[in-house]
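**Student:** Could you look at this predicted model? Sequence included:
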Amino acid sequence: NAGVTQTPKFQVLKTGQSMTLQCAQDMNHEYMSWYRQDPGMGLRLIHYSVGAGITDQGEVPNGYNVSRSTTEDFPLRLLSAAPSQTSVYFCASSYSSGDSGYTFGSGTRLTVV
Amino acid sequence: AQSVTQPDIHITVSEGASLELRCNYSYGATPYLFWYVQSPGQGLQLLLKYFSGDTLVQGIKGFEAEFKRSQSSFNLRKPSVHWSDAAEYFCAVRIIGFQKLVFGTGTRLLVSP
């Protein structure tokens, strides 16, 4: 089924480790984004991309890095994990017009110890 | 500051009773408006969206929402709640001309027998 695929679903990291959260979509969406979800804070935008080769920061970008080499993939890199990055991460995509709404992945639950 | 406000953190409704979840936004112009639902441990599913035209929009699962420009509100309603509606509901806005989706902090709906 067409959609947004996130891997892994669960991950435990030690402080200081690095890792990449994967996000792939097969709907030819131009726009892709990463959010983190924390209790009582809703979803906060980390980074987003309006097309291959173009990325920009959201409201909470520190400690995260992204790149967009293809339309399909938008990986999120944690450079040096910190306990404050314990969260649930969601990837979302849409057509550039946004008319059809945004499609979300099922999330990655990350714990940093 | 631009923001999306969901004033109710938790709401408890009896099964079969009506439901209204509140959402207010503070932006200079009318944005695109969305409601998403998140079941426990799941991703976000689009319930409905408003771009323009009729201010009462119908969505999936029997939900509807009404846009009121004068009140900067986009409240979600359902005439008769089912136990399966228990979930967290997020209001989100997208400023026209931009692609970022900004979320409220969510309202958790509990359904009592």
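**Tutor:** Received the coordinates, thanks.

**Student:** Grab the longest strand from chain A for me.
**Tutor:** strand A:42-51 (DSSP state E).

**Student:** Could you confirm whether that one reaches chain B?
**Tutor:** Yes: on the criterion CB under 8 Å from any CB of the partner chain, strand A:42-51 is in touch with chain B at A:42-45, A:48, A:50. Glycine gets a C-beta too; all of them are placed from N, C-alpha and C.

**Student:** And that strand, how far out from the chain middle?
**Tutor:** Distance of strand A:42-51 from its chain centroid, counting by CA atoms, centre = their mean, to the nearest Å, is 7 Å.

**Student:** Parallel or antiparallel, list what pairs with it.
**Tutor:** strand A:31-38 (antiparallel), strand A:54-57 (antiparallel) (DSSP bridges).

**Student:** Convert the first one to PDB, retaining C-alpha atoms only.
**Tutor:** C-alpha atoms of strand A:31-38 as PDB (Å, rounded to 0.1, in the frame of the first residue of the first chain):
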ATOM      1  CA  TYR A  31       7.100  17.900   0.700                       C
ATOM      2  CA  MET A  32       8.500  15.800   3.600                       C
ATOM      3  CA  SER A  33       9.000  16.700   7.200                       C
ATOM      4  CA  TRP A  34      10.000  15.300  10.600                       C
ATOM      5  CA  TYR A  35       8.200  15.900  13.900                       C
ATOM      6  CA  ARG A  36       8.800  14.900  17.400                       C
ATOM      7  CA  GLN A  37       5.900  14.200  19.800                       C
ATOM      8  CA  ASP A  38       6.300  14.700  23.500                       C
END
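
**Student:** quick one: contacts for the residue positioned nearest the centre of chain A?
**Tutor:** For chain A, residue A:34 is the residue whose C-alpha lies nearest the centre (CA atoms, centre = their mean; 2.9 Å). The contact partners of residue A:34, by CB atoms under 8 Å, 6 or more residues apart in numbering or on different chains, come to A:21, A:23, A:45-48, A:58, A:64, A:66, A:74, A:76, A:89-92.

**Student:** and if you look at residue A:5?
**Tutor:** A:22-25, A:105 are the contacts of residue A:5 under CB under 8 Å, 6+ apart.

**Student:** strand partners of the helix or strand hosting it, parallel vs antiparallel please.
**Tutor:** Taking DSSP states H and E as the definition, residue A:5 sits inside strand A:4-7. Looking at strand A:4-7 with DSSP bridges, its partner strands are strand A:19-25 (antiparallel).

**Student:** circling back: could you find the closest non-adjacent residue to the residue nearest to the centre of chain A?
**Tutor:** Using CB to CB, 6 or more residues apart in numbering or on different chains and skipping the chain neighbours, the partner closest in space to residue A:34 is residue A:46 (4.4 Å).

**Student:** okay, the one you found: pLDDT?
**Tutor:** At residue A:46, the predicted lDDT confidence score is 96.

**Student:** mind listing what it touches?
**Tutor:** A:33-36, A:58-61, A:64, A:66, A:76, A:89.

**Student:** about what we covered before: now tabulate the strands paired with strand A:42-51 in CSV and tack on mean pLDDT and distance to residue B:33.
**Tutor:** Converted to CSV, the strands paired with strand A:42-51 look like this (pLDDT from 0 to 100; distance: least, CB to CB, whole Å):
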stretch, mean pLDDT, distance to residue B:33
strand A:31-38, 95, 18
strand A:54-57, 94, 23
